[in-house]
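In: need coordinates for the following:
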Amino acid sequence: MNVLRETWIVFHRQMRLSLRNPMWSILMLSQPLMYLFLFGPLLKPITAQISQGATTNAYQVFIPGLIVQLGMFGAMFVGFGLIAEYRAGVIEADRVTPASRIALMAGRVLRDVVVLVVQSILLLLAALPLGLRAPWAGVLLSLVIVALLGATFASLSYSVALITKSEDALAPLLNGIAMPLLLLSGILLPMQIGPTWLQRLSDISPLKHVVNGVRALFRGDISSSSSLWGLFWVVLLTVIGLAVGARTFRKESA
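Out: Numbering: from 1, shown residues only. The predicted structure follows:
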């Protein structure tokens, strides 16, 4: 119970800081919105081809990739904020408190998850006038996946930030990881339309299966193998991410 209370205290403080300066959250939402309005219409003439006949709604293919992208990149760069807190002495002040080290991480991760879910809902609302149609059950499960994905990448980002303690080291590392993940996960276009060698290469990326799972949920195929594999991989990634994050916080904040 103490851990839960301390997590709430950290979350409340971090949430107030985000609300005081919402510019970062707005900027992270602006990129998916530009993809939505400027890239999405290009998919309409070729929707049947790229979905292999699964749907004729272009946004059932495109929006799932965008919200997964939001869950990834919206959380991947939160470590920069932790480095700023480290330099301001906030982390040192946290170390002398009796608060649980897990709560120090969990409160921050919870703030990031709430922000990502709100951003995803806004993105979905923006897509409705453009023609997005999806079952509510599939959309709700997709938001759960985005939340878990955000928790994964936020935890890992905080871990790397605590280890490097430098934006100069963190920035190239994250950018070097982000680009292959973006290209091999099929976020913008399904990997099934690519050549065989590219499909085989993308199979090593768990995020490809997560994206395919969310697309299946948007089609209403909740019990399909794609949906179940996507849920499996996102839960596994979340467990790994939270475990690594908790271990790093305990070690670096000892």
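In: residue contacts, Leu237?
Out: By Cβ atoms under 8 Å, 6 or more residues apart in numbering, the contact set of Leu237 is 148-149, 152, 206, 210. Bear in mind the C-beta positions are built from the backbone N, C-alpha and C, glycine included.
In: just the residues you listed: which has the poorest pLDDT?
Out: Of all the contacts of Leu237, Pro206 carries the smallest pLDDT score, 89.
In: and for the nearest residue to that one once chain neighbours are set aside, the neighbour number?
Out: Nearest residue to Pro206 in three dimensions, chain neighbours excluded: Trp233, at 4.3 Å (Cβ to Cβ, 6 or more residues apart in numbering). For Trp233, the neighbour count with other Cβ atoms under 10 Å is 20.
In: buried sites along the host helix or strand of Trp233?
Out: Trp233 belongs to helix 225-252 when assigned by DSSP states H and E. Within helix 225-252, the residues that count as buried by 16 or more other Cβ atoms under 10 Å are 226-227, 229-231, 233-234, 237-238, 241-242, 244-246, 248-249, 252.
In: now do stretch 181-194
Out: 181-182, 184-188, 190-191.
In: list the contacts of Leu143.
Out: Here Leu143 is in contact with 67, 117, 120-121 (Cβ under 8 Å, 6+ apart).
In: now intersect those with the helices, please.
Out: 67, 117, 120-121 (DSSP state H).
In: which regions of the stretch 51-200 of the chain lie under the pLDDT threshold?
Out: The stretch 51-200 of the chain contains residues with pLDDT under 70 at 51-56.
In: mind doing that once more with 80?
Out: 51-58, 91-92, 94-99, 188-194 (pLDDT under 80).
In: and the helices in it?
Out: 58-76, 79-88, 90-95, 101-127, 136-164, 167-184, 196-202 (DSSP state H, counting those that start in this stretch).
In: okay, these, which one's buried deepest?
Out: With neighbours taken as mean count of other Cβ atoms under 10 Å, the helices of the stretch 51-200 of the chain reach their highest mean count in helix 58-76, at a mean of 25.
In: tell me the centre residue of the protein?
Out: Gly71 (1.7 Å; Cα atoms, centre = their mean).
In: distance of it from Leu189?
Out: Plainly put, Gly71 is 18 Å away from Leu189 if you go by Cβ to Cβ, to the nearest Å.
In: follow-up on the earlier one: can you lay out the contacts of Leu237 as CSV showing distance to Leu4?
Out: CSV is the format used below for these (distance: Cβ to Cβ, whole Å):
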residue, distance to Leu4
Leu148, 19
Leu149, 23
Thr152, 21
Pro206, 29
Val210, 28
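In: for those, work out which two are farthest apart.
Out: For these, the maximum inter-member distance is 12.2 Å, found between Leu148 and Pro206 (Cβ to Cβ).
In: on that earlier part again, from the ones in helices among the contacts of Leu143, which is closest to Arg95?
Out: Distances from Arg95 to those, taken by Cβ to Cβ, are shortest for Val117, at 30.1 Å.
In: wait, Phe218 sits on Ser142?
Out: Yes: with contact defined as Cβ atoms under 8 Å, Phe218 reaches Ser142; the gap is 6.7 Å.
In: between those two, which contacts overlap?
Out: In contact with both Phe218 and Ser142: Pro64, using Cβ under 8 Å, 6+ apart.
In: what about the residue lying farthest from the centre of the chain, distance to Val114?
Out: Residue farthest from the centre of the chain, counting by Cα atoms, centre = their mean, is Val96 at 31.5 Å. Val96 sits 28 Å away from Val114, going by Cβ to Cβ.
In: ok, Ile91 next?
Out: 22 Å.
In: ok, now how distant is the residue farthest from the centre of the chain from Ala127?
Out: 47 Å.
In: adding distance to Lys165, write the buried residues of stretch 181-194 out as a markdown table.
Out: Converted to a markdown table, those look like this (distance: Cβ to Cβ, whole Å):
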| residue | distance to Lys165 |
| --- | --- |
| Leu181 | 24 |
| Leu182 | 26 |
| Leu184 | 30 |
| Ser185 | 29 |
| Gly186 | 34 |
| Ile187 | 30 |
| Leu188 | 34 |
| Pro190 | 39 |
| Met191 | 36 |
